[in-house]
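Enquirer: Next input, structure requested:
(chains A and B)
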Amino acid sequence: MFRTADMLEIFQQYRGDAIVVPGRGGRHWVSLSTKPGRDVPLGDPAMGGHASFACGLALAQPDKKVIVFDSEGDLLMNLGILPTIAEQAPKNFYHFLLDNECYATTGGQPVPNAKNVAYDVMARGAGYPSTFAFEKLEDFANNIQAILEQPGPVFVAMKVVPEIENEPIGRRRRWQTRSREQVVQDLQAELGLTR
Amino acid sequence: MAQAQEAELSPEIVLEEMKKNGVTHVVWLPDSETNWLYLLMQAEPSLQLVPVSREGLAFSMAAGLSAGGKTPIILIQNTGLMESGDSLRGWGLGLNIPVVLMVGYRGWTRHGITQDTAATYTERFLHAFGINYYLVETSADAPRIAVAFEEAKKTKRPVAVLVGDEYHGFNR
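Expert: Coordinates of the predicted model:
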């Protein structure tokens, strides 16, 4: 297992001009990113939807790389997105999975069969042409450039250290610096879109 | 016979409404109302079909498409709409997505007496989420689809079109 923040620091070096949907990694990503206009830190609009949202973005903007940091709790809620993404096969779509083996934001309860699920195998079985799994940060660092240079859709499962929260939601420190509406507006301005 | 045909909702007219209103992507899950429409959509080069396996995914997918500058439509059944509550809340309403939901109104009988609870709860569900909706039963109602698109764009909210023609035009 490795720390999400450490992984994102390495990823940042290879991000290029990609649109990044940081998902559960958002709290770390907002302070690391140097291109906030191309970031889509939405927090948690409704659990289970990060990958499909990012896939929609990728289909809408086929000339731009779209990278999502999904989580295993989110993906388990909507595993059916895997064959949809594989069928649509957006060449600009990179699906990273933060697997901390638990529901960290509700106190760290394990997800079903937490230690024994091979999400990269699931993605491959659903039809992703290229999948990876990393448990060591060094392996991630050695492969990230090549992963982002290959055509999507690519799936990358990563074992990360849980960052368990026990504070009631209303008392947690907000890491978001922009409203969700503002995030989407900023992205559209960056992409030259009007809505 | 001619009267019976007039009382149906033509899938060709529905497809034309999609094209007129600039739809680029159809995010959908098959239902008993849309079989024939599916064949027409498949043959239409201006539409990209994005099939999902659970209706909740349709709202987050449509939100991504809309944020990226496209015009999706969501095509699902009322049963799936009810399954999608949290996704509609978080991704549809929460991100101010101007999207039209075309919802197969399973169990709709016109006269209010139905054995199908899918119909019983459909409009109550939409009321609970504050989603405005238009009923479309025949081809004569089709202009309401354009009204739904205009309203979605103007209000930056999801707007529903309820398809109350289960066994005719969409399913020859």
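Enquirer: Give the other helices and strands that the helix or strand hosting A:G73 contacts.
Expert: Assigned by DSSP states H and E, A:G73 falls within helix A:72-77. Under the contact definition 3 or more C-beta pairs under 8 Å, 6 or more residues apart in numbering or on different chains; DSSP states H and E, helix A:72-77 sits against helix A:50-60, strand A:93-99. (C-beta placed from N, C-alpha, C; glycine too.)
Enquirer: Past it, which element shows up next along the chain?
Expert: Taking DSSP H and E as the definition, the helix or strand that follows helix A:72-77 towards the C-terminus is helix A:81-88.
Enquirer: That next one: which residues count as buried?
Expert: A:I81, A:L82, A:P83, A:T84, A:I85, A:A86, A:Q88 (16 or more other C-beta atoms under 10 Å in any protein chain shown).
Enquirer: Distance of the first one relative to B:P98?
Expert: Looking back up the chat, that one is A:I81. Distance of A:I81 to B:P98, given as C-beta to C-beta, to the nearest Å: 23 Å.
Enquirer: Ok, the last one next?
Expert: Taking C-beta to C-beta as the measure, A:Q88 falls 22 Å from B:P98.
Enquirer: what residues does chain A put near chain B?
Expert: Within chain A, the positions near chain B by C-beta under 8 Å from any C-beta of the partner chain are A:40, A:42, A:44-50, A:52-61, A:78, A:80-81, A:83-84, A:87-88, A:180-181, A:184, A:187-188, A:191, A:193, A:195.
Enquirer: Check what pLDDT the residue lying closest to A:I10 once chain neighbours are set aside gets.
Expert: In this structure, A:I10 finds its nearest non-sequential neighbour in A:A141, 5.0 Å apart by C-beta to C-beta, 6 or more residues apart in numbering or on different chains. Each residue has a pLDDT score; the one for A:A141 is 98.
Enquirer: Quickly find the element holding A:A141.
Expert: Element membership for A:A141 (DSSP H and E) is helix A:137-149.
Enquirer: to the chain's geometric centre, what's the distance from the helix or strand that that helix is followed by?
Expert: Once the chain leaves helix A:137-149, the next helix or strand it forms, by DSSP H and E, is strand A:154-159. Per C-alpha atoms, centre = their mean, to the nearest Å, the displacement of strand A:154-159 from the mean C-alpha position of its chain is 9 Å.
Enquirer: Give me the mean pLDDT for the helix holding A:G73.
Expert: Here the average pLDDT along helix A:72-77 is 97.
Enquirer: and it, how far from the chain's centre?
Expert: In this view, helix A:72-77 has its centroid 12 Å away from the chain centroid, taken as C-alpha atoms, centre = their mean.
Enquirer: could you say what helices and strands the helix holding A:A141 packs with?
Expert: With contacts taken as 3+ C-beta pairs under 8 Å, 6+ apart, helix A:137-149 sits against helix A:4-12, strand A:130-134, strand A:154-159.
Enquirer: Single out the most deeply packed of those.
Expert: By mean neighbour count, with neighbours taken as mean count of other C-beta atoms under 10 Å in any protein chain shown, strand A:154-159 ranks first of those at a mean of 23.
Enquirer: So which residue is smack in the middle of chain B?
Expert: Central residue of chain B (C-alpha atoms, centre = their mean): B:M102, 0.4 Å from the mean position.
Enquirer: my read: that one touches B:V163, true?
Expert: Yes. Between B:M102 and B:V163 a contact is recorded at 6.2 Å, counting by C-beta atoms under 8 Å.
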